[in-house]
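**Student:** Based on what follows, work out the 3D shape:
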Amino acid sequence: MNASGAVVDVSNVCWSERIAPLGERSPRLGRLDLLCEAWRRSRGERAPLTLIADGSLRYQLPRPERRRLEAMAHAGEIRLAPTADPELLSLARDQGLYVVSRDQFLDLRRAHPWIPSAAARFLAWQQGPNGLEFVPSGVRDVTEQRKSRAEEAKELIRGSGIDVRQTAHREVLGLDWRCPSRSCLHAMLWPERLLLWPDIARRDGTALCPGCGSPLEAAGPRPPVRVVVVSEDGTDGEILRFPLASEESVLVGRGSSTHGVNLAADDLPHPAATRRVSRSHLLLRLVGPATVDHRGTRLAVTELGSTNGTVLRPSGMRGRTRPLVPGEETVLGPDDELVLADAVRLRLSGREHFPGDRVLPDPSGPVLVEKTEFESDDPS
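**Tutor:** Numbers count the residues shown, from 1 in each chain. The predicted structure follows:
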């Protein structure tokens, strides 16, 4: 490993309120100067630094600093990338460099599974008695649900400008929308409700049609729908995933099933694992508060007296499992997992907001998701 070399997340540095001017919520290129000085002061004048910035930074900096950034890029002192994070992580992985950033890179953990094992190479900064100093950024392993949530949040921002951290934007995600324009192709395709997320107007947060740009009309609350992920427990090899809506109760088992999810369909992978699952193994439903943005929705499970049993694995962690009691409904925590027959893992995806989330699998295919005789009495 190049012990003194580092790649710097320039945009992250320029936006950091922990570097002077402290507390100022706007990007400053001078913050990068202070950080580079601190790095060379602590690592030596010849300690190599590779600077990579998001290309959008050129439009976010004050006008005089934009010209300086462009000059640095032209001179090869800094690399402007469409999206900096994938490039700087790949460079750090391939060359064994330190990564200087306060970002935890949760949305890229699947593409870069090496990150937790190299946590010592991820450094943040803080103000010390002699100026800026470098400290571990706190990178650690996280659950699959947290990775999914981070991926979804980035996709929503890049695709529609929706920021799930903002209450007003979460309210947009909690509603169905229709386009009133008679000439809009999206309105013709989906006259009752759009099956794509609206765009968000930057000036006032108005929901806009992603097709024609017209302001949208609210079409009522969007019912909660979450995705259930099923995988082989030993390898985490994915078997299938299916949507679960709040008004449905779904039976999960093995073999032909008219009202549920068939884990033993011929074209599904890992048959040795699913073979241990009972024909009627679990009953699943969504429960949770009827909030406008569906936050807090949980998976409720009833063990149906399966042959090989089901255990609850809290927070996606190995060990500390407990068996489920047949016939009793258990509500899972947001990051909890189930292990069926010591072979098959089942969990909610961390994604709570995603386009096309109510498009169910083709009922003519091997995996069926239909409403059963077990109706949910939960108001959400």
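
**Student:** Check which helix or strand residue 301 maps to.
**Tutor:** strand 298-303 (DSSP states H and E).

**Student:** so what's residue 50 bridging to?
**Tutor:** Beta-bridge pairing of residue 50 under DSSP bridges involves residue 7.

**Student:** distance from the centroid: which residue in this protein tops it?
**Tutor:** Distance from the centre of the chain peaks at residue 45, with 39.2 Å (CA atoms, centre = their mean).

**Student:** just to revisit the earlier point, I'd like the mean pLDDT over the strand holding residue 301, please.
**Tutor:** When pLDDT is averaged along strand 298-303, the result is 94.

**Student:** distance between whichever helix or strand comes after it and the chain's centre?
**Tutor:** Sequence-wise, the next helix or strand downstream of strand 298-303 (DSSP H and E) is strand 310-313. Remark: strand 310-313 is offset 24 Å from the chain centroid, using CA atoms, centre = their mean, to the nearest Å.

**Student:** ok, then the element right after strand 310-313?
**Tutor:** Next along from strand 310-313, by DSSP H and E: strand 322-323.

**Student:** Okay, now the sheet partners of the helix or strand following that following strand, with direction.
**Tutor:** Counting by DSSP H and E, the next helix or strand C-terminal to strand 322-323 is strand 329-331. Strand pairing for strand 329-331, determined by DSSP bridges: strand 298-303 (antiparallel).

**Student:** With only the CA atoms kept, save the strand it pairs with in CSV.
**Tutor:** C-alpha atoms of strand 298-303 as CSV (Å, rounded to 0.1, in the frame of the first residue of the first chain):
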residue,chain,number,x,y,z
ARG,A,298,-42.6,-3.0,9.3
LEU,A,299,-42.9,-6.6,8.3
ALA,A,300,-45.1,-8.8,10.4
VAL,A,301,-44.6,-12.6,10.2
THR,A,302,-46.6,-15.6,11.5
GLU,A,303,-44.8,-19.0,11.6
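
**Student:** can you give me how far the strand holding residue 301 is from the chain middle?
**Tutor:** Using CA atoms, centre = their mean, the mean C-alpha position of strand 298-303 is found 22 Å from that of the whole chain.

**Student:** residues in contact with it?
**Tutor:** With contact meaning CB atoms under 8 Å, 6 or more residues apart in numbering, strand 298-303 is reached by 226, 228, 244, 281-288, 309-310, 324-334, 336, 338, 347-348. C-beta here means a position set from N, CA and C on the backbone, and glycine is covered the same way.

**Student:** which of the residues you listed count as buried?
**Tutor:** 226, 228, 244, 281-288, 309-310, 324, 330, 332, 334, 336, 338, 347-348 (16 or more other CB atoms under 10 Å).

**Student:** So which of those residues are in strands?
**Tutor:** Under the assignment DSSP state E, the buried ones among the contacts of strand 298-303 contribute 226, 228, 244, 282-287, 310, 330, 338, 347-348 to strands.

**Student:** can you put the residues you listed in CSV and add pLDDT?
**Tutor:** Below are these laid out as CSV (pLDDT from 0 to 100):
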residue, pLDDT
226, 87
228, 93
244, 87
282, 94
283, 95
284, 95
285, 93
286, 91
287, 89
310, 97
330, 95
338, 96
347, 93
348, 91
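
**Student:** Could you identify the most distant pair in those?
**Tutor:** The most widely separated members of these, counting by CB to CB, are 226 and 310 (19.0 Å).

**Student:** and residue 118, which of the three is it?
**Tutor:** Here residue 118 is recorded as helix under DSSP: H, G, I helix; E, B strand; the rest coil.
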